[in-house]
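J.: My questions are about this predicted structure, shown below with the sequence.
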Amino acid sequence: MSQTPVKVPASAASYTPATQDQDLRSQINALLIREGHINKIQEHFLHSLNAHPSNWPSAVQSHALALLRSGDVTTFPALVRRVLEDVRHDTAAASDGGSSATPNNNNNNNTSSTTTNGNNGNNKANGTTTATTTTTDGSLAVPQAVVDAVLKVARECLDTVCEVDDGSAAG
């Protein structure tokens, strides 16, 4: 438990983004940052993504390269916006029914060529064909197991910096 936990009213459980208390949110965020919990959450997220069999980071990288090579995007800011949009789209589609998640019509054809030595995408390294990596479903959705694992860590971190005030303080 944090030395100075934030007192959170029990009613906060029913807050929506429109009704949340910005001051309370700022206090919680400040404690999460100060006590190193944000780094813990980020590190767990990255570890979970890299350890998951879907090879999600490589799928996102391959998708970004395909967008650049096709000319669909030509600047880094546009690339980041487009990749985030495609990840959000596929993640939403996966959570809406799982099987309805389809590749997002963005040149993600479920395979990506690995290239080396700056060979401009010719799929050859020093005259030999390189390996082709295939993602499990062609989706850029963040794997649900990763989301669940990171939510667990985030809840544990929140438990250390927050104290729910149910109004029944002894007096």
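T.: Looks like it arrived, so ask away. Here the structure is a predicted model, which means the values were calculated and not measured. Residues are numbered from 1 along each chain as shown.
J.: Which strands and helices lie in contact with the lengthiest helix in the chain?
T.: Of all the segments of type helix in the chain, defined by DSSP state H, the longest one is helix 76-95. The contact analysis (3 or more CB pairs under 8 Å, 6 or more residues apart in numbering; DSSP states H and E) places helix 76-95 against helix 56-70. The C-beta positions use only the backbone N, C-alpha and C, and glycine is treated the same way.
J.: Helix 76-95 and the helix it packs on, what's the angle between them?
T.: Interaxial angle, helix 56-70 versus helix 76-95 (axes from the mean of the first three to the mean of the last three CA atoms, to 10 degrees): 130 degrees.
J.: send the alpha carbons of helix 56-70 over as CSV?
T.: C-alpha atoms of helix 56-70 as CSV (Å, rounded to 0.1, in the frame of the first residue of the first chain):
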residue,chain,number,x,y,z
TRP,A,56,2.2,-9.1,-32.5
PRO,A,57,5.1,-6.6,-32.6
SER,A,58,6.4,-8.2,-35.8
ALA,A,59,2.9,-8.1,-37.3
VAL,A,60,2.6,-4.4,-36.6
GLN,A,61,6.1,-3.7,-37.9
SER,A,62,5.3,-5.7,-41.1
HIS,A,63,2.1,-3.8,-41.5
ALA,A,64,3.8,-0.5,-41.2
LEU,A,65,6.5,-1.4,-43.7
ALA,A,66,3.7,-2.6,-46.2
LEU,A,67,2.0,0.8,-45.8
LEU,A,68,5.2,2.7,-46.5
ARG,A,69,6.2,0.5,-49.4
SER,A,70,2.7,0.8,-51.0
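J.: Just give me the neighbour total for the closest residue to residue 68 other than its chain neighbours.
T.: Spatial nearest neighbour of residue 68, chain neighbours left out: residue 79 (6.5 Å); criterion: CB to CB, 6 or more residues apart in numbering. Neighbourhood size, residue 79 [other CB atoms under 10 Å]: 17.
J.: Extract the residue ranges of this protein that are flagged as low pLDDT.
T.: Applying pLDDT under 70 to the chain picks out residues 1-2, 97-137, 167-171.
J.: Could you rerun that using 90?
T.: Where the chain drops to pLDDT under 90, the residues are 1-22, 24-25, 94-139, 163-171.
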